[in-house]
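Participant: whatever this is, show me its structure:
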Amino acid sequence: MKTRIALLREMGLPAPYQQSRPIHIEEAELDPPGFGEVLIKVKVAGLCHSDLSVINGSRPRVMPMALGHESSGEVVEVGPGVDLLRPGDHVVTVFVPSCGHCNPCMSGRPALCEPGAAANTKGVLLGGERRLHLGREGINHHLGVSCFSDYAVVSQRSCVKVEAGISHQEAALFGCAVLTGAGAVINRSGIRAGDTIAIVGLGGVGLSGLMAAVASGARRIVGVELDPGKRELARALGATHVIDPRDIQSDKDLLDAAGGPVDIGYDAAGAVPAFEAAYKLTRRGGVTMTTGLPHPKHMFSLPISELVGQERDIRGSYLGSGVPSIAINQYMTLYQEGKLPVNRLLGKTFTLEAVNEGFDHLASGSGLRDSITLDA
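Facilitator: Model (predicted):
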């Protein structure tokens with residue numbers, strides 16, 4: 001069948017993308033689902049920094065690539081061997097397929113699935129195939145999903161069936177932003193009621209983490225963000241302190257503005273200065289955590305003696321450090337109960353043809369969780 005895709009052929013073209021036009025909308029041939037795969041009608045796809053990082057070249061991927069990884073849609077066809085889904089199911093896509101059989105998957109850490117990571121690096125689906133073509137040219141899949149498209153063929157292991165009765169616009173948030181940000185706080189940070197936390201970077205991931213901190217009973221929640229609108233929203237969502245990093249001249253200024261050091265410093269921006277700020281905000285014996293994915297060559301250094309003498313704990317979190325098939329529906333239930341008001345993250349909507357403009361808006365730092373709506 002034919003489907004429109006958002007195709008990237010060259011990384012690193014300069015912004016603004018409305019002028020350089022790195023993404024082209026093409027009509028591609030989409031193969032039917034193979035073994036263990038499903039065909040999805042994509043309804044809503046989120047615009048995420050993980051896509052932007054491929055566009056600007058900070059997360060190198062194989063080209064040409066059909067972009068998009070955060071989405072909500074409906075299963076319209078299943079291939080042989082599919083036992084988890086059926087036509088008509090409402091699903092959210094997940095950006096790491098979980099084989100279910102490797103050591104990390106069997107240990108309850110599907111974010112670290114070894115075949116899933118290998119497939120994502122190669123630009124193929126979990127089964128090793130590419131289902132998109134332009135003539136004889138195979139098109140690589142972004143993170144096993146490629147959902148900036150009217151339709152997508154994905155592994156059933158890249159999908160979570162949605163039990164909650166929420167809209168596709170809301171559901172799309174849970175595949176990456178909420179799963180990553182809230183999951184990192186709930187599953188990886190070790191947060192306990194009464195703890196203190198600082199979150200550096202208040203985009204969709206950071207604000208999801210903030211909401212999870214509120215739901216977990218944190219008593220002091222510090223938000224660090226350049227954009228004044230996001231700082232205002234953070235305070236409305238429960239932040240006790242908000243900081244504009246441009247007002248900070250010294251480490252003492254930073255700690256004073258935060259009300260003192262915190263138990264958990266969380267970098268949700270994915271930049272070395274953000275991680276440095278999170279580390280400086282973390283108390284002796286505390287946890288500094290990041291969900292960011294900057295360029296692989298970007299490094300952070302620290303005195304090993306400080307790591308030892310202060311018993312510092314540094315952690316990474318990927319895919320929310322949980323089991324998506326369980327966590328997504330749990331977080332949706334919390335949303336429906338008013339404990340995780342992620343609808344506050346919904347930003348602007350764009351058509352597929354306006355995807356370059358959408359990434360300009362994302363890169364500006366002024367938006368929340370923008371999305372593409374697809375109604376073909």
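Participant: OK, contacts around the closest residue in space to Gly320 that isn't next to it in sequence?
Facilitator: Leaving aside its chain neighbours, Gly320 sits nearest to Gly183 (2.0 Å; criterion: CB to CB, 6 or more residues apart in numbering). No exception for glycine: its C-beta is placed from N, CA and C like everyone else's. Counting by CB atoms under 8 Å, 6 or more residues apart in numbering, Gly183 touches 212, 317, 319-322, 327, 331.
Participant: redo those residues as TSV? Include pLDDT.
Facilitator: Formatted as TSV, these follow (pLDDT from 0 to 100):
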residue	pLDDT
Ala212	98
Ser317	97
Leu319	95
Gly320	96
Ser321	97
Gly322	95
Ala327	96
Tyr331	97
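Participant: which one of these sits closest to Lys122?
Facilitator: Lys122 has its nearest neighbour among these in Leu319, at 18.6 Å by CB to CB.
Participant: tally of neighbours for the closest one?
Facilitator: 25 (other CB atoms under 10 Å).
Participant: surely it touches Ala111?
Facilitator: Yes. In this structure Leu319 lies within contact range of Ala111 using CB atoms under 8 Å: 3.4 Å.
Participant: shared neighbours of these two, anything?
Facilitator: Val96.
Participant: that older thread, so which of the contacts of Gly183 wins on neighbours?
Facilitator: Neighbour counts for these, by other CB under 10 Å, peak at Gly320, which reaches 30 neighbours.
Participant: is that residue part of a helix or strand, or is it coil?
Facilitator: helix (DSSP: H, G, I helix; E, B strand; the rest coil).
Participant: again with Val92
Facilitator: Quick answer, by three-state DSSP: Val92 is strand.
Participant: again, but for the one 4 residues further on
Facilitator: Here Val96 is recorded as coil under three-state DSSP.
Participant: which residues touch the nearest residue to Cys99 once chain neighbours are set aside?
Facilitator: Once flanking residues are discounted, Cys99 sits nearest to Pro115: 4.5 Å by CB to CB, 6+ apart. Pro115 makes contact with 97, 99, 102, 126, according to CB under 8 Å, 6+ apart.
Participant: kindly indicate which of those residues lies nearest Gly79.
Facilitator: Leu126 (12.2 Å).
Participant: specify the beta-bridge partners of Ser149.
Facilitator: Under DSSP bridges, the beta-bridge partners of Ser149 are Ile5.
Participant: quick check, pLDDT for it.
Facilitator: We note a pLDDT of 98 for Ser149 in this prediction.
Participant: now do the contacts for the closest residue to His298 other than its chain neighbours.
Facilitator: With CB to CB, 6+ apart as the criterion, His298 has its nearest non-adjacent residue at 5.3 Å, and that residue is Val272. Applying CB under 8 Å, 6+ apart to Val272 gives the contacts 294, 298-300.
Participant: buried by neighbour count, from the residues you listed: which ones?
Facilitator: Pro294 (16 or more other CB atoms under 10 Å).
Participant: which residue is nearest the middle of the chain?
Facilitator: Closest residue to the average C-alpha location of the chain: Cys176 at 3.5 Å, with CA atoms, centre = their mean.
Participant: give the contact list for that one.
Facilitator: By CB under 8 Å, 6+ apart, the neighbours of Cys176 are 46, 48, 50, 69-70, 95, 204-205.
Participant: on that earlier part again, okay, the contacts of Val272 in a markdown table with secondary structure next?
Facilitator: Listed next are the contacts of Val272 as a markdown table, based on three-state DSSP:
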| residue | secondary structure |
| --- | --- |
| Pro294 | coil |
| His298 | coil |
| Met299 | coil |
| Phe300 | coil |
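Participant: so which of the contacts of Val272 comes closest to Ile264?
Facilitator: Phe300 (17.2 Å).
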